[in-house]
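Novice: What would the 3D arrangement of this be:
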Amino acid sequence: MKKINDALLYKLIGERIRDSRHYEDKKIKITQSDLAERTGVTRTSITNIEQGNQKLPVHLLYEICAQLDLGIEDILPSLEGLMSSSLLSDSLDKQFGEEKERVENIVKSFVNERMNKA
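Specialist: Residues are numbered from 1 along each chain as shown. Reported below is the predicted structural model:
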């Protein structure tokens, strides 16, 4: 049985929070400081969460979603997607070694472009 890569999970959650703050369809973009003030945490915590360096409690995740006018499903990756991402990450480790991060960034950019066009 494959184990979920929790570092990847929090990185994906953080990226989705960051991207949601900057979403082009929103008339007002929310800064890290604004989000921190609205949720009762420090701006540094928001920075760390967005970078995947800080695990956030469930109640804070719900509060962030409420402040960004999102459903929890907009922030949490699917289990299937998370497992696929873990498998992809493992494959990249084996195939690319030191170049893994660069390849991951290229793949993520491609996927993000496709998602934005949909």
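Novice: lowest-pLDDT helix or strand in the chain?
Specialist: Ranking every helix and strand in the chain by mean pLDDT, DSSP states H and E puts helix 79-96 at the bottom, with a mean of 63.
Novice: mind listing the strands in the protein by residue range?
Specialist: For the chain, applying DSSP state E gives no strands.
Novice: quick one: Val41 from Lys11, how far?
Specialist: As defined by C-beta to C-beta, to the nearest Å, Val41 lies at a distance of 18 Å from Lys11. In this view, the C-beta of every residue, glycine as well, is placed from N, C-alpha and C.
Novice: Distance from stretch 8-16 to the middle of the chain?
Specialist: 3 Å (C-alpha atoms, centre = their mean, to the nearest Å).
Novice: Also stretch 59-78?
Specialist: Remark: stretch 59-78 is offset 11 Å from the chain centroid, using C-alpha atoms, centre = their mean.
Novice: And that stretch, what's buried?
Specialist: Leu60, Leu61, Glu63, Ile64, Cys65, Gln67, Leu68, Ile75, Leu76, Pro77 (16 or more other C-beta atoms under 10 Å).
Novice: Can you tell me which one of these carries the smallest pLDDT value?
Specialist: Of all the buried residues of stretch 59-78, Pro77 carries the smallest pLDDT score, 86.
Novice: Give me the residues contacting stretch 63-74.
Specialist: Contact with stretch 63-74 is made by 16-17, 20-21, 30, 35, 38-40, 49, 56, 61-62, 75, as judged by C-beta atoms under 8 Å, 6 or more residues apart in numbering.
Novice: Buried only: go through these for me.
Specialist: Neighbour counting with 16+ other C-beta under 10 Å marks Arg16, Ile17, Ser20, Arg21, Ile30, Leu35, Thr39, Ile49, Leu56, Leu61, Ile75 as buried within those.
Novice: okay, those residues in a markdown table with distance to Val107 next?
Specialist: Shown next, in a markdown table, are these (distance: C-beta to C-beta, whole Å):
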| residue | distance to Val107 |
| --- | --- |
| Arg16 | 16 |
| Ile17 | 21 |
| Ser20 | 21 |
| Arg21 | 23 |
| Ile30 | 28 |
| Leu35 | 28 |
| Thr39 | 31 |
| Ile49 | 23 |
| Leu56 | 25 |
| Leu61 | 26 |
| Ile75 | 21 |
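Novice: If anything else comes up later, I'll come back, but that's it for now.
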